[in-house]
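A.B. asks: Can you look at this prediction? I've put the sequence above it.
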Amino acid sequence: MAVSTTWVFAEASEGKVASITLELLTKARDLGGTVEAFYGGADGDAVAEQLGKYGATKVYVADPGDSLQGAPVAAAMAAQIEGGNKPDLILFGQTYDGRDVAGRLSAKLDKPALTNGVDVSADGDKVTVENAIFGGNTLVKTSFAGDGPFIALFRPKSFAAEEGSGGAAEVVKVDVPDTGLSGQTKVLDRHVEEHTGPKLDEADIVVSGGRGLGSAEKYEMIEQLAKLLKGAPGASRAIVDAGWVPYAYQVGQTGKVVKPTIYIAAGISGATQHLVGMKGAKNIIAINKDKDAPIFSVADLGVVGDVHKVVPKLIEALQARS
Amino acid sequence: MNVVVCAKQIPDPAAPGELDSNTKTLKREGKLILDDSDAYGVEMGLQLADKAGGGEVTLVSMAPNSEVSGLRTALAMGAAKAILVSDPALQGSDSLATAKVLAAAIKRAEPDLVLTATESTDGYTGVLPAQLAEILGWPSITFAKHIEVTDGKAKVQRQTEEGYDEVEAALPAIVSVTAGVVEPRYPSFKGIMAAKNKPVDEVKVADLGLSNDEVGWAGARQSIDDVAAAPEREAGRVVEDEGEAHQEIVQFLEELKVL
């Protein structure tokens, strides 16, 4: 293993470091060598301790001001690299901002970015990223050619997050060079959606609904069941596209990847792009009236039945116990 | 206001994907259709041009074998014309090379706004919109769930982990749109007929001022080392509901100590 320095693009909200960042820091420690974080925000001091706990010895802090992170953070990273502070490998989450920063950095440095990674390994100078295609049925290993820095993005929950024994990371403020027109986005307002209960991609229990529910009104029972089980409600792409629930509920390749202890899929056929988002759940329960629905191939308990009968009865039975 | 929509033409997602055994890349030999993810961009482009009082939607696409089927679908929706980049040298291109190609084609169209999907259905690397914007030197706003254009600015609601942000950028800009940003229209019969005659300008890598070693396998600077089947998840127990199956679920949850 000969990666000498790895950077991890760090993401945080209100001073709390995102789970994906902690997962990537843990993996970076595994690869050996120096691990440093690169953070876009004004509150570097607030996150230095958590980042340090998970292995970063330094955190470079670039303040994007009121613009989106993409252009300014990529420019700050490139400036460090071009100035001689060059890591071998840079790990990003396959997240909203991870994609923006990694994409811009890739173009700036004219270096490829490997995406949707579920694992990474280094053998001497050779760095290999593994990703899953075809609904997760096939694993592909791709190596970078030429010189680094190697840019790679990883799906959330690919790695476990484990605390190390480090103290707070040293905060190093770095300049954001002038990004010209590229940098000119302005965040006018932040809307935090009210939600009770656990976040979809962190919940231990997820209850998802799909087209088999029949209509938007029927989604109500999914919310009810999720609440009863103290879990989070989710959805297939089909019902998001149909406008029954917002995009934030979407589980799947183009939505969230979830790895809960329990995933209940009601009225979901199990198209590969949905399976990608939930196959990693520990226990899967599926309810669908079609016995040939692909969802049954991954379910630990499959119920062939009408969701309109099974789910209300399940809710009633659970309510009777509480 | 002139809009370019990046439209990808992909193998039908309903059919199982296949890798070429030599190159280990996705086979793209059959008919390619318009990526559903791009139907949203096309519709959004048409509506925004309309609201601005006029202007055209031009499609830009990179596809093998001079494929136009997917473009005809988008032209039938109302796009005015297309620029198609098709060249054997592009085989093996990664997203960065694709971004270089699309950027060069977009420059020919000189739009005020470029719309893309957040990611394609078949490749889903998800970094192309940002790579494209950096090459063009334009601002970009990704994951738009709502877009308006007023006073030369794109005003976007951008999906975030917590909800959404309201973000604006001066045009020209790139905006990537999420599914459900707008309801795409079904092409009318008249639209389908008209699409047959709308211009598709086909160009090669050299026409765009790019060299073959910036694209395709030469430009990729990555190699596919191994392809293997993933460990399978075993199927479990299946029961038919005859009125009491919900009890099986309750029992299962009890065993897992959830209840």
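C.D. replies: Looks like it came in fine. Residues are numbered from 1 along each chain as shown, chains lettered A, B, ... in the order given.
A.B. asks: Can you identify each of the strands in the stretch 101-250 of chain B by residue range?
C.D. replies: Ranges of strands within the stretch 101-250 of chain B are B:113-117, B:140-150, B:153-159, B:163-170, B:173-177, B:200-203, B:222-229, B:237-240, based on DSSP state E, counting those that start in this stretch.
A.B. asks: With mean neighbour count and distance to chain A added, can I get those strands in TSV?
C.D. replies: Backbone N, C-alpha and C define where each C-beta goes, glycine included. Below are those laid out as TSV (neighbours: other CB atoms under 10 Å in any protein chain shown; distance: least, CB to the nearest CB, whole Å):
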stretch	mean neighbour count	distance to chain A
strand B:113-117	27	9
strand B:140-150	21	6
strand B:153-159	22	6
strand B:163-170	20	4
strand B:173-177	28	8
strand B:200-203	15	21
strand B:222-229	14	4
strand B:237-240	12	4
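A.B. asks: how about the ones you listed in a markdown table, adding mean pLDDT?
C.D. replies: A markdown table is the format used below for the strands of the stretch 101-250 of chain B (pLDDT from 0 to 100):
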| stretch | mean pLDDT |
| --- | --- |
| strand B:113-117 | 98 |
| strand B:140-150 | 97 |
| strand B:153-159 | 97 |
| strand B:163-170 | 95 |
| strand B:173-177 | 98 |
| strand B:200-203 | 98 |
| strand B:222-229 | 95 |
| strand B:237-240 | 96 |
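A.B. asks: Just say helix, strand or coil for the residue of the stretch 51-200 of chain A found nearest chain B.
C.D. replies: Proximity of the stretch 51-200 of chain A to chain B (CB to the nearest CB) peaks at A:Gly103, 2.6 Å away. Of the three states, A:Gly103 takes helix under DSSP: H, G, I helix; E, B strand; the rest coil.
A.B. asks: Let me know whether it touches B:Val127 as I believe.
C.D. replies: Yes - using CB atoms under 8 Å, A:Gly103 makes contact with B:Val127 at a distance of 3.7 Å.
A.B. asks: what is in contact with these two at once?
C.D. replies: Taking CB atoms under 8 Å, 6 or more residues apart in numbering or on different chains as the contact rule, A:Gly103 and B:Val127 both touch A:Ala113.
A.B. asks: Now do the contacts for the residue of the stretch 51-200 of chain A closest to chain B.
C.D. replies: Going by CB under 8 Å, 6+ apart, A:Gly103 touches A:70, A:74, A:113, B:127-131, B:133-134.
A.B. asks: quick check: longest strand of chain A.
C.D. replies: Across chain A, the longest stretch assigned as strand under DSSP state E is strand A:113-123.
A.B. asks: Please name every helix or strand in contact with that one.
C.D. replies: Judged by 3 or more CB pairs under 8 Å, 6 or more residues apart in numbering or on different chains; DSSP states H and E, strand A:113-123 is in contact with helix A:19-31, strand A:89-93, helix A:96-109, strand A:126-133, strand A:138-144, strand A:150-154, helix B:95-109.
A.B. asks: and those as TSV, adding distance to B:Ile249 and mean pLDDT?
C.D. replies: Formatted as TSV, the helices and strands packed on strand A:113-123 follow (distance: least, CB to CB, whole Å; pLDDT from 0 to 100):
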stretch	distance to B:Ile249	mean pLDDT
helix A:19-31	29	97
strand A:89-93	34	98
helix A:96-109	35	98
strand A:126-133	29	94
strand A:138-144	32	95
strand A:150-154	34	98
helix B:95-109	42	98
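A.B. asks: of all those, which lies closest to A:Gln273?
C.D. replies: Of all the helices and strands packed on strand A:113-123, strand A:126-133 sits nearest to A:Gln273, with 11.4 Å by CB to CB.
A.B. asks: Please name the bridge partners of A:Gln250.
C.D. replies: On the basis of DSSP bridges, A:Gln250 is bridged to A:Ala235.
A.B. asks: do B:Glu240 as well
C.D. replies: A:Val304.
A.B. asks: That one reaches A:Gly302, doesn't it?
C.D. replies: No - applying CB under 8 Å as the test, B:Glu240 and A:Gly302 come out as separate, 9.6 Å apart.
A.B. asks: Put together JSON lines for the helices and strands packed on strand A:113-123, with distance to B:Ala117 on each row.
C.D. replies: What follows is the helices and strands packed on strand A:113-123, written out as JSON lines (distance: least, CB to CB, whole Å):
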{"stretch": "helix A:19-31", "distance to B:Ala117": "22"}
{"stretch": "strand A:89-93", "distance to B:Ala117": "20"}
{"stretch": "helix A:96-109", "distance to B:Ala117": "13"}
{"stretch": "strand A:126-133", "distance to B:Ala117": "18"}
{"stretch": "strand A:138-144", "distance to B:Ala117": "22"}
{"stretch": "strand A:150-154", "distance to B:Ala117": "17"}
{"stretch": "helix B:95-109", "distance to B:Ala117": "13"}
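A.B. asks: Figure out which of these is closest to B:Pro172.
C.D. replies: The minimum distance between B:Pro172 and the helices and strands packed on strand A:113-123 falls on helix B:95-109, with 9.3 Å, by CB to CB.
A.B. asks: Alright, calling it a day.
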